[in-house]
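Asks: Sharing a model that was predicted from the sequence below.
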Amino acid sequence: MLNVNLRHLHYLVTLAETGNFGAAAARAGITQSTLSAAIRGLEEELGAPLMDRSGRRMQLLPFGETVVERARDIIAQVGELPEYAARSARPLTTRLRLGMIPSVAPFVLPKLLRSLRAAHPDLSLSVREGLTQSLLAEIRAGRLDAAFIAHMPSVEEFEYTAVAEDPFLVALPPRHPLSGRAALTLADLASDRLLLLDQGHCLREHVLTALGRDGLVDEHDVRAASIMTLVQLVDFGTGITLLPRIAVDAGAVSGTGITLVRYESPSAARRLVVAWRARSYRRSDYLALAEHIRRHCLPGSDGAAAAE
């Protein structure tokens, strides 16, 4: 039977994150010799080397990479045990650390905070806005519990539940020649300058997919850091963009001269999901959160739920 020390798993994960024995030892608050002995002890217990120490920088072996991922999972599950015991009788009654992407947070968060306070007063919610990949990395590391994001291929390693389909609308500048159309296709938009969010935003990738990535010339697009900046650029006549309905229904284009037209494409929507680490003890919490968002936080919902 294996006799693996949880503290040693923490040391291994820290070493993998820093890539250096000295930096890892400093972060863990131990000496480098103690760290080295702990890693060697872990290798002896597992019966195989975890890393290649022959170069100037420590390099995890394939087996070591697998063990690090399992160690993160074990550490996160152990960390959840006290909260799991505390909330086993009722969901959404303790702490929940939630990530949200920037193309969702401004349009959902106000309703979410109000409605959760009313429906689940014992819940301690903290919210972090960030790009999809960074939020997923925070979940892997145990620093976030779940994230409300748009589905991407990188979500497949997590468990998740769909919350809503979020269709795209074409946002046209004032007096644009196509503003009288009931619907538009990719061919209709080929000659217009495309406005996009900057690299790293999943909304950028969804828009590129919806508009046909191969037909776009990247050096001609204009990039922004937020949906509201895109709205201002379109209103000024700089170009066109696709806006998610969740932003439009929350008033993103109010007070502008922008015309919104339905976009026809097999990829004319993104799927919004709540994602969390697979095999989490708190699965019932995350399913309850997703259901709460569906009922109370999307456009058209009441946004001020009574206690459930």
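Replies: That came in fine, so what should we check first?
Asks: So, low pLDDT: which residues of the stretch 151-300 of the chain?
Replies: Residue ranges of the stretch 151-300 of the chain with pLDDT under 70: 213-221, 300.
Asks: could you redo the last one with a cut-off of 80?
Replies: Applying pLDDT under 80 to the stretch 151-300 of the chain flags the ranges 213-223, 299-300.
Asks: With just CA atoms, put the lengthiest strand in the chain into PDB.
Replies: In the chain, assigned by DSSP state E, the strand with the most residues is strand 159-172. Output of strand 159-172 as PDB, limited to C-alpha atoms (Å, rounded to 0.1, in the frame of the first residue of the first chain):
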ATOM      1  CA  GLU A 159     -17.100  18.600 -16.000                       C
ATOM      2  CA  TYR A 160     -19.700  21.300 -17.100                       C
ATOM      3  CA  THR A 161     -23.300  21.900 -17.600                       C
ATOM      4  CA  ALA A 162     -24.900  24.100 -20.300                       C
ATOM      5  CA  VAL A 163     -26.700  27.200 -19.100                       C
ATOM      6  CA  ALA A 164     -27.800  28.900 -22.300                       C
ATOM      7  CA  GLU A 165     -27.200  29.400 -26.000                       C
ATOM      8  CA  ASP A 166     -26.100  32.900 -26.700                       C
ATOM      9  CA  PRO A 167     -26.700  33.900 -30.400                       C
ATOM     10  CA  PHE A 168     -24.700  36.500 -32.200                       C
ATOM     11  CA  LEU A 169     -26.200  39.700 -33.800                       C
ATOM     12  CA  VAL A 170     -24.400  41.700 -36.500                       C
ATOM     13  CA  ALA A 171     -23.700  45.200 -35.200                       C
ATOM     14  CA  LEU A 172     -23.700  47.800 -38.000                       C
END
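Asks: Please point out which parts of that strand sit buried.
Replies: Residues of strand 159-172 classed as buried by neighbour count (16 or more other C-beta atoms under 10 Å): 159-160, 163-164, 166-172. C-beta: built from backbone N, CA, C; applies to glycine.
Asks: ditto for stretch 61-70
Replies: Judged by neighbour count (16+ other C-beta under 10 Å), stretch 61-70 contains these buried residues: 64, 67-68.
Asks: which stretches of the stretch 101-250 of the chain form strands?
Replies: 124-129, 146-150, 159-172, 183-184, 195-197, 222-224, 241-244 (DSSP state E, counting those that start in this stretch).
Asks: List the pairing partners of the first one within its sheet, with orientation.
Replies: To tie it back to what came earlier, the one meant is strand 124-129. Sheet pairing here is set by DSSP bridges, and for strand 124-129 it gives strand 95-100 (parallel).
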